[in-house]
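>>> Sharing a sequence plus its predicted fold:
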Amino acid sequence: MSKMKTITYREALKSAIREALQKDERVFLMGEDVGHYGGAFAVSKGLLKEFGPGRIMDVPLSESGFTGAGIGAALAGMRPIVEIMTVNFSLLAMDQIINNAATLLHMSGGQLNVPVVIRMGCGIGRQLAAQHSHSWEPFYAHVPGINVLAVGTHEDARGMLLTALESPDPVILFEYTSMLNLEAEIIEDAGAVDICKAKVRREGIDLSLITYGTGVYKSLEAAEVLSKDGMDIEVIDLRVLRPLDEETFLTSIAKTHKALVVEDAWKSVSISSEISARIMEKAFFELDLPVERLCGVEVPIPYPKHLEDASVPQVQDIVEKVRKILKP
Amino acid sequence: MKKTQSKSKFPVSKAEGKRLLHQMQLIRRFEEKSAEVYTETKIRGFLHLYVGEEAVAVGVMQALKEEDYILSTYREHGHALARGMDPGAIMAEMYGKVEGCAMGRGGSMHLFDKNIHFYGGNAIVGGHLPMAVGMALASKKQGKKNVTCCFFGEGAAAEGEFHESMNLAALWDAPVLFLCENNLYAMGTALEYTHSEQQLEKKGPTYGIETATVNGMDLLEVMKAAQKAVDYIRETGKPYFLVCYTYRFRAHSMFDAELYRDKAEVEEWKKQDPIPQFKKYLLKEQLITEKEIASLEEAVEKEVAAAVDFAENGTWEPIEDLCRFVYSENQEP
């Protein structure tokens, strides 16, 4: 048995960045406030001192400019980690991500691959109101040419970045700011993880709870509660939102015959819409019941805590939804 | 007076003069041929021609070395040809054939050739400027001495990405040549309707960037200005902003009825056509004979015809291959 250690999500992210910088001279981190400030969320605190300003680059508030520069540096042989402070600001860099990073390989007939990694702080839960609480996973997962990862666990916070840097093509990492202080146990020598498969985080036979990002721990907690009522829930962490690994959830449904998809993003045209459609296309006759979804309420996220909490699925909501499905 | 200045400061040998004239003539005739085959519906999509602006591409390219990076716009056939891209590969690209420089996936606006460091063919105005800064930043980090030359039009100077890129390049001392081809119209809207400050060269110094302007209709002047810019960048590692005043003789694209400018204005600019101007110079300096010009033009006709033949004889990519190049086939980064 490997030894375990307790680590925060923030520490896991940071040790991945540090390892990447140590391992490969081509890697550098660029982003707003990553250096002197120590990272808006203290993820890169201390790294400027350790690696110097050539590897930890503070950049001006020019999301399109520095994201494009990261893409250019990747084209010219570097392995930049571009940090967009939060997903909310990534809208200003969308031209670069979609028109350049995602299309260059194709437009050039396979000549120009873009090995850039873009990290974004993401999600809801800190009372930051409508402009700072977005969940844009569905936007980016819509686009062919990029790899989209949701860092839903400490294990993935420690390992996904390292594998992302091995990818010849652009990778977007969604990191969840509400989880930064959350502690969990991971194996002591945790490192790179695959970035192509979904993962069964809890095995069960009664229902497949399919989720990603902040939904993973919430769903696991809900599954624990439900297990006391004798309901055996399987929790699947999608992890990779593009290209989607269908096999894992289709296999699960062949076993449980029931599915609930949980996410923070708005319900319409979301990851859950896609999952639901694929289940319908490929596992319709495995289903005992229609696929159910529990998603973000379709409202700009409000500031007051009670309204913010009510905007996305909480543990109790998941518990109640599953109960309704299994014991109507 | 101008002539003697050019000659004394920038002498052109016989061979060089012929090579330069050949390049400009090739671009001119290649573009005219492209328009012709477009009307035959052999080329589709957008087609933006470089006719009139040849002296800029050819002049700037003379200052660049093999290891330098080039990024361009959707009006880039001239840059690609002047850089040495095979005319057949460009024509085949516009035909959408596999033999095209981007396997037909890009078309007229997306010419790419990694081997000659030609990075597009970028069709979102201003979108390639940040990438150019990043490529130059990479060169700096890698200790390379190469220059990244980024062509764009004056329309791009109204984009936020222009300003972000100028700031980043100056801030990071990135060896970028910002090469603005100011042809006075952003598609069909004149400079006066789009820029509060129409002397775009004033924007360079506000970022602390060394800046110059040049008459983009005069090949020798462009060569001189570009050489000075590139020398400065190589010496200091810093960016440089060069604004070339030029003019496109043809419409913005094949869909443009040219309602926004006078025919008389176009005719006036045609008096400055860089090709007859340069021919005149070469003849005057006895660097070329009328007979040599005729045989050069004949050679260009053959080259352009060969490019069309090459494209005509090209092959269509099988539909089964549609989804290639979305992700790298070779997973090695």
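Happy to help now that I have it.

>>> tell me the contacts of B:A307?
By C-beta atoms under 8 Å, 6 or more residues apart in numbering or on different chains, B:A307 lies in contact with B:30, B:33, B:87-88, B:90-91. C-betas here are computed from N, CA, C, even on glycine.

>>> ignore the last one, B:I209
Applying C-beta under 8 Å, 6+ apart, the residues near B:I209 are B:166, B:169-170, B:178, B:238-241.

>>> How about B:D256?
Going by C-beta under 8 Å, 6+ apart, B:D256 touches B:187-188.

>>> What of A:I205?
A:I205 makes contacts with A:232, A:234, A:255-256, as judged by C-beta under 8 Å, 6+ apart.

>>> Over to A:I17?
Residues near A:I17 by C-beta under 8 Å, 6+ apart: A:29, A:43-44, A:47, A:81, A:161.

>>> cool, and A:Q316?
No contacts exist for A:Q316 under C-beta under 8 Å, 6+ apart.

>>> What of A:K282?
A:K282 sits next to A:246, A:250 when contact means C-beta under 8 Å, 6+ apart.

>>> which helices and strands does the longest helix seen in chain B pack with?
Secondary structure of chain B per DSSP state H: the longest helix is helix B:14-39. If you count contacts as 3 or more C-beta pairs under 8 Å, 6 or more residues apart in numbering or on different chains; DSSP states H and E, helix B:14-39 packs onto helix B:54-61, helix B:77-83, helix B:87-95, helix B:274-284, helix B:290-312.

>>> Among the contacts of A:I205, which pair sits farthest apart?
By the measure C-beta to C-beta, A:D232 and A:K255 form the most distant pair in the contacts of A:I205, at 10.7 Å.

>>> rewinding a little: can you give me the offset of the longest helix of chain B from its chain's centre?
Taking C-alpha atoms, centre = their mean, to the nearest Å, one finds helix B:14-39 lying 13 Å from the centre of the chain it belongs to.

>>> What are the buried residues along that helix?
Residues B:17-18, B:20-31, B:33-34, B:37-38 are the ones in helix B:14-39 that count as buried (16 or more other C-beta atoms under 10 Å in any protein chain shown).

>>> how big is the angle separating it from helix B:87-95?
For helix B:14-39 against helix B:87-95, the angle by axes from the mean of the first three to the mean of the last three C-alpha atoms, to 10 degrees is 20 degrees.

>>> coming back round to it: any idea which of the contacts of B:I209 has the most stuff around it?
For the contacts of B:I209, neighbours were counted using other C-beta atoms under 10 Å in any protein chain shown, and B:P239 has the most, 33 neighbours in all.

>>> Show the contacting residues for the residue in the stretch 201-328 of chain A that chain B sits nearest to.
Residue nearest to chain B within the stretch 201-328 of chain A: A:P243 (7.7 Å; C-beta to the nearest C-beta). Counting by C-beta under 8 Å, 6+ apart, A:P243 touches A:147, A:196, B:327.

>>> Show only the entries of the residues you listed found in strands.
Of those, the ones assigned to strands by DSSP state E are A:N147.

>>> Can you select the buried ones from the contacts of A:P243 in ChimeraX?
Of those, the buried ones go into a single ChimeraX selection, burial set by 16+ other C-beta under 10 Å:
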select /A:147 /B:327
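
>>> could you flag which of the contacts of A:I205 are buried?
Using 16+ other C-beta under 10 Å as the burial test, the contacts of A:I205 include A:234, A:256 as buried.

>>> Among the contacts of A:I205, which lie within helices?
A:255-256.

>>> for chain B, what are the nearby residues on the stretch 1-150 of chain A?
Residues of the stretch 1-150 of chain A lying near chain B by C-beta under 8 Å from any C-beta of the partner chain: A:28, A:54, A:59-60, A:62, A:64-80, A:95-96, A:99-100, A:104-113, A:115, A:144-145, A:147.

>>> among these, which ones are buried?
Among the residues of the stretch 1-150 of chain A next to chain B, those buried by neighbour count (16+ other C-beta under 10 Å) are A:28, A:59, A:62, A:64-76, A:78-80, A:95-96, A:99-100, A:104-113, A:115, A:145, A:147.

>>> Quick one: mark the members of the residues you listed that sit in helices.
Counting by DSSP H, these place A:64-75, A:104-107 in helices.
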